[in-house]
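1. here are the coordinates; sequence isn't available:
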């Protein structure tokens, strides 16, 4: 005759591991970059009500000429961007930032001296309006991702997207070694 052996686990012990897993899953911080979609330059990028397009990236060793030239710590990266408000209310365009290969953030410079068609720092758009201009960064030369977002005040509610800004060398750039034949 076989006997059945059953192990009875108190109810609170069977629920505890499940509750602990749910609690840990709820408390664990999902990497914000995991929730951000990645786009390419030239693509239409929606971040909430704001629609961004990076039209051009230009590296500059300095801005201006001669003794009054503005010299960066690393190199200037100027991005020509277009931003459209697709909502029915006036919105602000937040300060943008670049994220480098080591995930280090670089804030947009707040001084537009010698930047042609500078977008400015206090930027708001009426419904259906579009603005185009340049933003400026002082960064080492590498591949970057431009982080764009809407104007939500709560970081948890913010819509964020990333736009690839690959390192490109222009033809005839003095930083490139010349090919010999």
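-> Alright, I've got the coordinates. If you're wondering where the values come from, they're calculated on a predicted model, not measured in any experiment.
2. From here on, just use CA atoms for contacts and neighbour counts.
-> Fine.
3. in the protein, what spans have low per-residue confidence?
-> Along the chain, the model assigns pLDDT under 70 to residues 1-35, 169-181.
4. Is residue 76 located within a strand, as I assumed?
-> Yes. Counting by DSSP: H, G, I helix; E, B strand; the rest coil, one finds residue 76 located in a strand.
5. Next, the contact list for residue 75, please.
-> Residue 75 makes contact with 59-62, 138-141, according to C-alpha atoms under 8 Å, 6 or more residues apart in numbering.
6. redo that, cut-off 7 Å
-> For residue 75, the contacting residues are 59-61, 138-141, by C-alpha atoms under 7 Å, 6 or more residues apart in numbering.
7. Does residue 37 touch residue 162 like I think?
-> Yes. Shown here, residue 37 and residue 162 form a contact pair, counting by C-alpha atoms under 7 Å, at 6.1 Å.
8. Between the two, which is the more surrounded one?
-> Here residue 37 and residue 162 are set side by side on neighbour count (other C-alpha atoms under 10 Å), and the busier one is residue 162, at 23 against 13.
9. so which strand or helix has the more buried one?
-> strand 160-165 (DSSP states H and E).
10. mind listing the strands for the protein?
-> Ranges of strands within the chain are 37-40, 45-47, 50-60, 75-85, 91-92, 97-99, 105-107, 124-125, 130-139, 144-149, 160-165, based on DSSP state E.
11. Turn the ones you listed into TSV, columns for distance to residue 69.
-> Below are the strands of the chain laid out as TSV (distance: least, C-alpha to C-alpha, whole Å):
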stretch	distance to residue 69
strand 37-40	32
strand 45-47	34
strand 50-60	11
strand 75-85	12
strand 91-92	31
strand 97-99	24
strand 105-107	22
strand 124-125	30
strand 130-139	15
strand 144-149	25
strand 160-165	26
